[in-house]
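>>> A structural model of the following input is requested.
(2 chains)
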Number of protein chains: 2
Amino acid sequence: MPPFDVSEGDPFGPHNLPYGVFSPAGPAERTVGVRLGDHVLDAGAAARALGSPYAALLARPSLNPLLAAGRTAWSDVRRALTAWVTVPSHREAIAGFLHPLASVTLHLPFEVADYVDFYSSEHHARNVGQIFRPAAEDSLTPNWKHLPIGYHGRSGTVVVSGTDVVRPAGQRKAPADPAPVFGPSVRLDIEAEVGFVVGRPSPMGAPVALGDFRDHVFGLCLLNDWSARDIQAWEYVPLGPFLGKSFATSVSAWITPLDALEDARTAPPARTHPLLPYLDDGADEPGGYDLRISVAVNGHVVSEPPFSTMYWTAAQQLAQMTVNGASLRTGDLYGSGTVSGPAPKQRGSLLELTWNGRDPLELPDGKRTFLEDGDEVTLTAWAPGPAGTRVGLGEVTGRIVAA
Amino acid sequence: MPPFDVSEGDPFGPHNLPYGVFSPAGPAERTVGVRLGDHVLDAGAAARALGSPYAALLARPSLNPLLAAGRTAWSDVRRALTAWVTVPSHREAIAGFLHPLASVTLHLPFEVADYVDFYSSEHHARNVGQIFRPAAEDSLTPNWKHLPIGYHGRSGTVVVSGTDVVRPAGQRKAPADPAPVFGPSVRLDIEAEVGFVVGRPSPMGAPVALGDFRDHVFGLCLLNDWSARDIQAWEYVPLGPFLGKSFATSVSAWITPLDALEDARTAPPARTHPLLPYLDDGADEPGGYDLRISVAVNGHVVSEPPFSTMYWTAAQQLAQMTVNGASLRTGDLYGSGTVSGPAPKQRGSLLELTWNGRDPLELPDGKRTFLEDGDEVTLTAWAPGPAGTRVGLGEVTGRIVAA
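Next up, the predicted model:
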């Protein structure tokens, strides 16, 4: 029996095959890896051993060459990988290129070009509106149902799962304070999100239509958009979030190709407002994804946000992001925005889960309003796969370190 | 007489020496150039011919290696260049590596990592406040005098001077409209700014102190932050500007090193509010720069914004941008925000110059409220140099092309 048998039902079986970048134990270089159960396949070494032409895309220190290669190449490489891990003769040929997951170091899998974050969960947006604008007639801003609201974040501080997050310092000012004070954030929060990774670029002046989404987006990952609520509250009028977000954004080490998520596609919620043609996906294929996310603090699950409840889809977000003629680059990353479902235990931020600190969470190690030093947050997720299987998404984890 | 004699008083004389990236006529590769009068010196070729060790930094297709080399290298290279263009024997040796400016193609001089835009002119912020919030008690938001407000922009659409700008399309909605409409922006504007280019990176978790500004920032350029006011107005609550800005940002082809601007340093305006220690530059060297900007539409000067009136300095902006622990990368670019002086003819945007369209500008070719297709906008600037000279900044120009 080769060393990489995967148990039936493993969410990282041959039906999944997410991509990452790893270094084997010892002083070894970074290279593309494909996760298979509890192992990582050195995909470039396997390609070379089998004489595959895809070695040029896989024996590389980042996913960018594969991302840039485009949809036909993505499908061809996935088909080849599937054969390598399932056809017995190939399995024997590549067995030497598998490394136990626990023995390798995982790296940020691609070079992030621009990072954009959206705000596309209606439940999240309504919760935030009710918390911060309780007197408002509508908990949504007037534009919310007409376009996916987004903003640019800092791509230089996107880090891979497992990276410690230093508690950020900054200015904060409560309404009653006479002047702002400076210090470590006392309202450090999480935002459970899904990140989409752009492969094929687009030129300036050429918007990407809804139907071209899958020609440009390679796959997705889990993303934690750490947020310092006190810093954010003081700085964000009128130009939006800046230092309250830019200190760190964590992504999972594994990028799940959209081709592995065919069985997870689902229709988004019914649209309550008519959409302008460039955003109208009524006649298109289902644009949502049924991803079941779980948020744990120090191993204790505090929330299970359902991605299928997102009002705006990733295809609509891409169409919005480029409708003004903005170009795409290989490695562009965009976050869905905090994923919150309709139920209280489906909220994707502590801001919502504790209703701005009013209702602390009861954890085995004590109460929580916002994150404390030493807290470790882990997002995991799975999606329905073929024939009743589950497709696992790579986890994203991070521990808060004192300022 | 060598072909590159520069007339006395030329703002691009040997006291300036800004850096860019160019291709000579014909199918030639990009390489670092230094502007001298109306010529461009192929700096890498000159370095090789003179046996200079700096060829490794200069015979490159981008400024990034020089930017990353750090302040000591920046000074050493500048000293060497100064000798090459002033010492007769060196002048003879490099004469063959000069190209007429009109014969070369200029490129984006560095790879932009993150792009941040600030909002640091008090006159601009007050004008905008009075235009959009006429009923407000204070035309500034409560945070304005306590921190330099900023946000992230799209680095993938930063383009070099001379690049056409396609009029962006998007959603807009006047308050009285029942629903948003889609189409090309009808309120396309300019923002005259100065951009600062980061050379030396900094790690996550390590804020950059005010006094370390010149260890990290290599130089500056002119920057036009094109803005679609109608798209921006509808989208920007609550997360700030996005598509109203992300379609294009133009920068000059020449990066002026801070070392060329010693005589332009000046104290910023008196501070009206006490500053938190990390922003308090009261005891520091003067943090402002006396740059005289000129804004022309189709060759007609419409404004002359004085950069010396900026409330927040570039050093304060850098301290703010990193105080939460955000890292810097080589190639990070940050804009000052629109430069507007106290006088009406010193305003850096058409929004202010026409008071939101109420007072059209009278140009030789007709009235203007916002930009029309075919309009060409050019920003130029100079700064006081040594011994009564002027240091010219490279122009940034762009023409509006129909959607």
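
>>> Just give the nearest non-adjacent residue to A:R214, would you?
Of all residues not flanking A:R214 in the chain, A:L258 sits nearest, at 6.0 Å (Cβ to Cβ, 6 or more residues apart in numbering or on different chains). No exception for glycine: its C-beta is placed from N, CA and C like everyone else's.

>>> Can you give the domain ranges for chain A?
Here the domain parsing of chain A from automatic domain parsing is A:19-107, A:115-401.

>>> Give me the distance between A:A113 and chain B.
Using Cβ to the nearest Cβ, to the nearest Å, we find A:A113 at a distance of 6 Å from chain B.

>>> Which helix or strand contains that residue?
Under the criterion DSSP states H and E, no helix or strand holds A:A113.

>>> circling back: pull up the gap between the residue nearest to A:R214 and A:G219, please.
To A:G219, A:L258 is 6 Å away according to Cβ to Cβ, to the nearest Å.

>>> try A:L63
9 Å.

>>> Give the residues shared as contacts by the two.
The contact sets of A:L63 and A:G219 overlap at A:Y19, A:I255 (Cβ atoms under 8 Å, 6 or more residues apart in numbering or on different chains).

>>> Using TSV, please lay out the domains of chain A together with mean neighbour count and mean pLDDT.
Listed next are the domains of chain A as TSV, based on neighbours: other Cβ atoms under 10 Å in any protein chain shown; pLDDT from 0 to 100:
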stretch	mean neighbour count	mean pLDDT
domain A:19-107	18	96
domain A:115-401	20	97
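
>>> Present the ones you listed as a markdown table; the columns should include distance to B:F370.
Output for the domains of chain A, formatted as a markdown table (distance: least, Cβ to Cβ, whole Å):
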| stretch | distance to B:F370 |
| --- | --- |
| domain A:19-107 | 37 |
| domain A:115-401 | 16 |
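
>>> Which residue is it, in the stretch 201-350 of chain A, that comes closest to chain B?
The stretch 201-350 of chain A approaches chain B most closely through A:G240 (2.2 Å), counting by Cβ to the nearest Cβ.

>>> distance between the strand ranked longest in chain A and the chain's centre?
If you go by DSSP state E, chain A has its longest strand at strand A:390-401. When distances are taken as Cα atoms, centre = their mean, to the nearest Å, strand A:390-401 is centred 10 Å away from the chain's centroid.

>>> who does that strand pair up with?
Sheet partners assigned to strand A:390-401 using DSSP bridges are listed as strand A:165-166 (parallel), strand A:376-384 (antiparallel).

>>> Could you export those strands to JSON lines, including columns for distance to B:P168?
Below are those laid out as JSON lines (distance: least, Cβ to Cβ, whole Å):
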{"stretch": "strand A:165-166", "distance to B:P168": "36"}
{"stretch": "strand A:376-384", "distance to B:P168": "35"}
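
>>> List just the one of those that sits closest to A:S139.
Closest to A:S139 of the strands paired with strand A:390-401 is strand A:376-384 (Cβ to Cβ; 25.5 Å).

>>> looking at it, A:L63 is touching A:V34, isn't it?
No. Using Cβ atoms under 8 Å, A:L63 is not in contact with A:V34, being 10.8 Å away.

>>> Find residues that contact each of those two.
Taking Cβ under 8 Å, 6+ apart as the contact rule, A:L63 and A:V34 both touch A:Y19, A:G20.

>>> ok, what's across the strand from the closest residue to A:G162 other than its chain neighbours?
Once flanking residues are discounted, A:G162 sits nearest to A:T397: 5.9 Å by Cβ to Cβ, 6+ apart. Under DSSP bridges, the beta-bridge partners of A:T397 are A:T378.

>>> residues contacting A:T397?
A:S161, A:G162, A:S250, A:E376, A:V377, A:T378, A:L379.

>>> Return the member of the residues you listed nearest to chain B.
Nearest to chain B among these is A:S250, at 11.9 Å by Cβ to the nearest Cβ.

>>> any idea how far the closest one is from B:M204?
According to Cβ to Cβ, A:S250 and B:M204 sit 12 Å apart.
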